[in-house]
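Colleague: Here's my sequence, what's the structure:
(chains A and B)
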Amino acid sequence: MILNYIKIAWRNLAKQKLYSLINISGLAVGLAVCMMIMMYVAHEMSYDRFHKNADRIFTPNVPMSYASAPLIKQNQPLVEAYMRTLPYFNENPVVVSDPSSPAKKFAEDKLLFADPGFFTFFSFKLLSGSASDVLSKPFTVVLSRDMAKKYFGTQDPIGKTLVIKTDSAYTYQVTGVAENAPSNSSISFSFVTSCQSLLVMKQASRYGVGPQQMTYGTFNVYLQVKQAADTARLVKGIAMMAKKNKVFDEVKFSFTALPDTHLKSGAGDSSNIKYLKIFPLVAVLILLLALVNYMSLSTARATLRAKEVGVRKVSGASRKTIATQFYVESALFTVLSFALGYLLCYLITPWFLNIIQLKIDNSFFYSPIVLTLLLGLLVITALIAGSYPSLVLSRFNPVVTLKGKMSKQAGGITVRKIFTTLQFTISVGLIICGIIIDRQLYYFRHTDTGINKDNVIMIPIANSLGENYPAFKHDIQSLGGISNVATSHYAMFKGIDMFYVNGKTKDENVWIVSVIANSQFITTLGLKWKYPPAPNTELASRKKIIINEAAIGQLHLPSNPIGAFIKTGNEQIEIAGVLKNFNFSSMEYAIQPMALSIINDTSAFYKRRGCNLFAKIESHTNIPALINSMQGIYKKYDSDAPFSYTFMDDAFNEQYKAEDRLASIFSIFTYITVILATLGLFGLAAFTIEQRTKEIGIRKVLGASIASINALLSQDFLKLVLLAIVIASPIAWWAMHNWLQGFAYRITISWWVFAAAGFVAILTAIITVSYHAIRAAIANPVNSLRSE
Amino acid sequence: MIKITDLEKFYRTEEVETIALNKLSIEVKKGEFVAIMGPSGCGKSTLLNILGMLDDPDSGSYVFNGVEVAHFTERKRADLRKHNIGFVFQSFNLIDELTVFENVELPLIYTGVPSAERVKRVEEVLDKMQIMHRRNHYPQQLSGGQQQRVAISRAVVNKPKLILADEPTGNLDSSNGNEVMELLTDLNEQGTTIIMVTHSEHDARYSHRIIRLLDGQTVVENIMI
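Modeller: Numbers count the residues shown, from 1 in each chain, chains lettered A, B, ... in the order given. Coordinates of the predicted model:
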């Protein structure tokens, strides 16, 4: 019997090519988007679950000192094992070279210091070397597969050496090669070297290996407990230890299970967490739209199948058998759509991952979890897709259908109207959201932030430039096309430091942002004075500071605080000037209190820590040539650290990459929903109009014009679209109002956004319906009247 | 075989109630060939639908093979129908997407006849109806007469006790119409009870008895000699 069902389904599919195409491709697009997002969400949710003991490994919410983990293990019998890792951090890049060809050197990231048992504690696969002793000695290193290939090609790297320059250059022996960390690992590495190496480094104290007690530090600590349920007792035990040491008294101490660290600890890319909330919702909406399309078209076509249902019923089919038949038919359509959807998903996923800047291992796409999810999606889609059509079709009364008296309104016309309204509600809603997101991003980019960020190049300076910085800066300033040069500790929008100022009471500390720069910083960036310093004030002094307007209130200062003092610890600092507020970080946040300390270019601070050079470029300068010259000068003074640069406006825009990606994805989703809704309307209009051919013929014979017939046929659909606009507008307004609340600087939602979205929807509907309506209206009425 | 007593059927709209069958009582014996005649709207088709268990009466009794079926559920009616009744329609009602063979095979699928047995029985019937050579054709590739032969094949393939024919020659020319009537007569002679609705006095003459209806009631019964 099933074969009979499949046979007739296939013949119907082949007979009604256009509708089959609309049905299958529409559902395939919905499924493709759904699959893609499902894989993305599954990937985000699967972080760190590949470790054998993932459920028993916990990590505290604060990084700790080197001594902390052994102390905890010693005092807490619940802890079976511990692991410490330190992802190398510094303003200066890590430079790696092969001593056999020293000229071949690369700046690298992902250098990870770890305890010797790293490859036994975690489940990273070791391709060569022994897991228990690859990191047992200082200055041993395990390379990722990619790095082994990069530095040693096809040769066996075991036993060979690499020079890795961190604060200084050290020679490491390669003891192992590990498989690249999977894309769903929160711990990533290119090089894993022994923590013991840190202890003997020149600047060991910088890495927090000093304190011999349990306290804050720089090490990520992982504790493996005997049972996952032990963590509550462990937190209590560690809190007791902390109390004894008088640390962690301000921090609420907690643990996160390893698989939860990616999403819960805030360690992951926060933009992905944002997507994780929005995308599944959008995926469900798009799939719903595609399913609604399918059901709507299938039931519209039902009138053509009415006779068949009648014949089957008089031949002995029960309602259940008919329902089963249409379920099998839907399942066939779903399988075809699924196959096409999978192909589409395969083609668009790399593009999608590129936009959200995420890498997912190819192997993940064929993992059991993804295959199970795909199967689940197929089953659910088939079940939903078949549900309504089989319900409607199996209900047909054979007495009516066999007499050919099937009502043209039959087959769930009301439900189809609801479906069309729903489709356009989703489309209009997404169009509104898309416009608002776009407007907000435009606002970010074009609002006066108080900084003149155009034509400013920022060059990071490594400490290896050292004493040569003033000379380098002088050479840059002498280049043609450079109008101004300045120095600061960090590049703009790339990092900040904070320091505290004593508050009114003894216990109150006010944390404010600290910017350290030279005196040209203010003019180069075009910052404006609120209260300028008195003439001839020497600003480059530890005893003087410049603040912004936001700091006045926060520090309880008089409205013109020039000459007033603030105190940090025991140190008194005089306020020498007040700058007008400017956005030194993302406009997502309100402007924080800030203090600018002026230090000269010759300061040891820059020599020790490195700094950033700002070069303001005159307009109409040949920028590529200028950058080339800058690179030449840089290489003259520093052959170690690679030359790099950023434009300040790019760095500013980079802050909105999460919103940018959201806008890109959103616009694509919007196009897809509009296409799906249009496709659905196209199919539905074709059917409805086809059924009214006789009426159109009669009207034409009686003198109706093409325009009046078009208007008559279009108005039914337009009413539904208007209803959709009315429903979608408040929902979209509410959603976007909430989204905008997340930004300190935001647009107000204007009425024209709704009008524009409505206009797009109406125009789409008119064009779609008119195509069929005009075709029907210009047909010869003699033919249409003969058609019945 | 069939006994209906005081059968009533109404069609209601919001404002109007139409009586289709008005306390109609009829009896049809096993092996009879009965023609039902009457003007349009007299209730012929309604009666046939109720006899075929495609529709249920509003009141009255319908005894089929000794079982009261007037208020059977749709499922029970479907079950009884598929084993006992074959239908022949004026407009043939073949499924366009199925071949001749597949159309005839359909009732056997629903009664759960195994595949090999189905092939045998369908071929037997097609052979008997002389359309075996058209077994792989689709309905639209056949003439009206051939289509009705297929429809009759489908009606008899399950060896039903009763065949209900609703104006079986209405869409055919006289030559094809006569052929169809001959086929029905043959089936009746082999023991199948036939009830046929018709407008044609010519066709009605093939039957044993004519029941004439008017406004949902029997007005006269003619016994054919």
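
Colleague: residue contacts, the closest residue to residue B:82 other than its chain neighbours?
Modeller: Leaving aside its sequence neighbours, residue B:82 sits nearest to residue A:316 (C-beta to C-beta, 6 or more residues apart in numbering or on different chains; 2.5 Å). Every residue, glycine included, has its C-beta placed from N, CA and C. Residue A:316 sits next to B:78, B:81, B:82, B:83, B:107, B:110, B:111, B:158 when contact means C-beta atoms under 8 Å, 6 or more residues apart in numbering or on different chains.

Colleague: Can you go through these and name the buried ones?
Modeller: The neighbour-count test (16 or more other C-beta atoms under 10 Å in any protein chain shown) marks B:78, B:81, B:82, B:107, B:110, B:158 as buried among the contacts of residue A:316.

Colleague: Restricted to helices, list those residues.
Modeller: Residues of these located in helices (DSSP state H): B:78, B:81, B:82, B:107, B:110.

Colleague: quick check, nearest of these to chain A?
Modeller: Among these, residue B:82 lies closest to chain A (C-beta to the nearest C-beta), at 2.5 Å.

Colleague: picking that back up, check which helix or strand covers the residue nearest to residue B:82.
Modeller: Taking DSSP states H and E as the definition, one finds residue A:316 inside no helix or strand.

Colleague: where in chain B is pLDDT low?
Modeller: Applying pLDDT under 70 to chain B picks out residues B:224-225.

Colleague: ok so, going back, now, the most widely separated pair of the ones in helices among the buried ones among the contacts of residue A:316?
Modeller: Across those, no pair lies farther apart than B:78 and B:107, at 11.7 Å, counting by C-beta to C-beta.

Colleague: tell me, how many neighbours does residue B:208 end up with?
Modeller: Burial of residue B:208 is recorded as 17 neighbouring residues (other C-beta atoms under 10 Å in any protein chain shown).

Colleague: Apart from its neighbours in sequence, what residue is nearest it?
Modeller: Once flanking residues are discounted, residue B:208 sits nearest to residue B:33: 4.9 Å by C-beta to C-beta, 6+ apart.

Colleague: Could you give the number of residues near that neighbour?
Modeller: With other C-beta under 10 Å as criterion, residue B:33 counts 22.

Colleague: which residues sit in contact with it?
Modeller: B:184, B:185, B:188, B:193, B:194, B:196, B:206, B:207, B:208, B:209.

Colleague: Can you classify residue A:4 as helix, strand or coil?
Modeller: Three-state assignment for residue A:4 (DSSP: H, G, I helix; E, B strand; the rest coil): helix.

Colleague: I figured it hits residue B:103, correct?
Modeller: No. Between residue A:4 and residue B:103 there is no contact under C-beta atoms under 8 Å: 11.1 Å.

Colleague: of these two, who's got more company?
Modeller: Set residue A:4 next to residue B:103 and count neighbours by other C-beta under 10 Å: residue B:103 wins out with 26 against 16.

Colleague: Could you tell me how many residues sit around residue A:213?
Modeller: For residue A:213, the neighbour count with other C-beta under 10 Å is 13.

Colleague: Please apply the same query to residue A:354.
Modeller: Residue A:354, neighbours per other C-beta under 10 Å, totals 11.

Colleague: Same question for residue B:221.
Modeller: For residue B:221, the count of nearby residues is 11 (other C-beta under 10 Å).

Colleague: Check the gap between the closest residue to it other than its chain neighbours and residue B:47 for me.
Modeller: Excluding the flanking residues, the one nearest residue B:221 by C-beta to C-beta, 6+ apart is residue B:211, at 5.4 Å. Going from residue B:211 to residue B:47 by C-beta to C-beta, to the nearest Å gives 9 Å.

Colleague: which neighbours do these two share?
Modeller: The contact sets of residue B:211 and residue B:47 overlap at B:26, B:36 (C-beta under 8 Å, 6+ apart).

Colleague: any idea where the helices of chain B begin and end?
Modeller: Under DSSP H, chain B gives helices at B:44-51, B:74-84, B:100-110, B:115-128, B:144-156, B:174-189, B:201-204.

Colleague: Please apply the same query to the stretch 401-550 of chain A.
Modeller: According to DSSP state H, counting those that start in this stretch, the stretch 401-550 of chain A carries its helices in the segments A:413-446, A:469-478, A:521-524, A:549-554.
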